[in-house]
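A.B. asks: Predicted model follows, preceded by the sequence.
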Amino acid sequence: QVQLVESGGGLVRTGGSLRLSCAASGSIFDINAMGWYRQAPGKQRELVAHITSKDITNYADSVKGRFTISRDFAKNTVYLQMNTLEPEDTAVYYCNAIIMRSSRSVGYVELWGQGTLVTVSS
């Protein structure tokens, strides 16, 4: 069974930085893409950043220029460097991965982590 484990969330003041990490553990044959989503209270979950195995990245407009996603798929890990944080960035951040469990798998499956809370105080 594959699990995604996030770390790095916490409380930070406006203008501060945090680095989130997400490691996938278990039986993994291939990773197609990994990314970060977030959900603020009373709002829908939204894409923050996404990176593919070919290093194609995609960012939400609200985080462009402030957040950077990177990966080390040899370690089944994705990172999110968050700089110049704003109170509007306060949310639970969820790791997402599109993986293939084995060479015998029919296709890729989508997995979610449990989430890590990021709180930005004004």
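C.D. replies: Right, received. Where do you want to start?
A.B. asks: so where does the most centrally placed residue in the chain fall, helix or strand?
C.D. replies: By CA atoms, centre = their mean, the chain has its centre lying nearest to Trp36, at 2.6 Å. Using DSSP states H and E, Trp36 maps to strand 30-39.
A.B. asks: Please tell me how far that strand is from the chain's geometric centre.
C.D. replies: Distance, stretch centre to chain centre, for strand 30-39: 5 Å (CA atoms, centre = their mean, to the nearest Å).
A.B. asks: So what are the sheet partners of that strand and their directions?
C.D. replies: Paired neighbours of strand 30-39 in the sheet (DSSP bridges): strand 46-52 (antiparallel), strand 91-100 (antiparallel).
A.B. asks: residues of the helix or strand following the shortest one that come out buried?
C.D. replies: Spelled out, that is strand 46-52. Once the chain leaves strand 46-52, the next helix or strand it forms, by DSSP H and E, is strand 57-59. Neighbour-count burial for strand 57-59 flags Tyr59 (criterion: 16 or more other CB atoms under 10 Å). Just so you know, the C-beta spots here come from the backbone N, C-alpha and C atoms, and that holds for glycine as well.
A.B. asks: What of stretch 31-44?
C.D. replies: Neighbour-count burial for stretch 31-44, with 16+ other CB under 10 Å as criterion, is recorded at Ile31, Asn32, Ala33, Met34, Gly35, Trp36, Tyr37, Arg38.
A.B. asks: Please apply the same query to stretch 49-65.
C.D. replies: By 16+ other CB under 10 Å, the buried positions in stretch 49-65 come out as Ala49, His50, Ile51, Thr52, Tyr59, Val63.
A.B. asks: what pairs with the first one across the strands?
C.D. replies: Yep, that's Ala49 we're talking about. Trp36, Tyr59.
A.B. asks: I'd like the distance between it and Tyr59.
C.D. replies: Counting by CB to CB, to the nearest Å, the separation of Ala49 from Tyr59 is 5 Å.
A.B. asks: Overlap in contacts, those two.
C.D. replies: The overlap between the contact sets of Ala49 and Tyr59 (CB atoms under 8 Å, 6 or more residues apart in numbering) consists of Phe67, Ile69.
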